[in-house]
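Visitor: okay, sequence plus prediction incoming.
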Amino acid sequence: MSWFGQKPTAGAEQAANADVRSITLTIFMEGTGNPMDNVTTQIALFSRLCTGKPLTAQQMNKQETQNGPGHYKLSFAGCGVSHGLPGTLFAVGLKEQCAVIRSYV
């Protein structure tokens with residue numbers, strides 16, 4: 001690997017290789033009124049095609065979610081789907097979704 005045509009030092013190359021993560025978390029968040037179960041948007045399609053192990057809010061802090069290295073995914077329906085009219089108008093539920101993400105990270 002080289003940066004701007006210069007050969008990196010051994011230490012720089014080791015640092016670049018050490019930055020590789022063994023856990024990948026992919027997060028899909030639908031728009032306001034879009035479900036995740038039925039593929040009506042590209043986000044739902046990408047979520048369905050993603051090969052990561054699905055995680056849910058119900059699994060938080062359980063032993064099965066602490067398996068270590070791997071590819072995981074979180075998928076959230078739009079706030080209007082999960083929280084009705086308040087979700088549609090005022091994004092009620094978005095903070096809850098973000099809290100789930102933070103708990104996994």
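Guide: Now that the structure is in, tell me what you want to look at.
Visitor: going forward, measure contacts between C-alpha atoms and count neighbours the same way
Guide: Fine.
Visitor: separation between the closest residue in space to residue 78 that isn't next to it in sequence and residue 90?
Guide: Leaving aside its chain neighbours, residue 78 sits nearest to residue 32 (4.2 Å; criterion: CA to CA, 6 or more residues apart in numbering). Using CA to CA, to the nearest Å, we find residue 32 at a distance of 10 Å from residue 90.
Visitor: and the strands in this protein?
Guide: 23-29, 53-55, 70-76 (DSSP state E).
Visitor: quick one: the helices in this structure, in order.
Guide: For the chain, helices defined by DSSP state H occupy the ranges 10-18, 42-49, 79-90, 94-104.
Visitor: of the ones you listed, which is nearest residue 69?
Guide: Closest to residue 69 of the helices of the chain is helix 94-104 (CA to CA; 13.3 Å).
Visitor: restricting to C-alpha, output the closest one in CSV.
Guide: What follows is helix 94-104, C-alpha atoms only, in CSV (Å, rounded to 0.1, in the frame of the first residue of the first chain):
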residue,chain,number,x,y,z
LEU,A,94,-36.5,7.5,16.5
LYS,A,95,-34.8,8.0,19.9
GLU,A,96,-35.7,4.5,20.9
GLN,A,97,-34.2,3.1,17.7
CYS,A,98,-31.0,5.0,18.2
ALA,A,99,-30.9,3.7,21.8
VAL,A,100,-31.0,0.2,20.5
ILE,A,101,-28.1,0.9,18.1
ARG,A,102,-26.1,2.5,21.0
SER,A,103,-26.6,-0.5,23.2
TYR,A,104,-25.1,-2.8,20.6
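Visitor: now the angle from that helix to helix 79-90?
Guide: 130 degrees (axes from the mean of the first three to the mean of the last three CA atoms, to 10 degrees).
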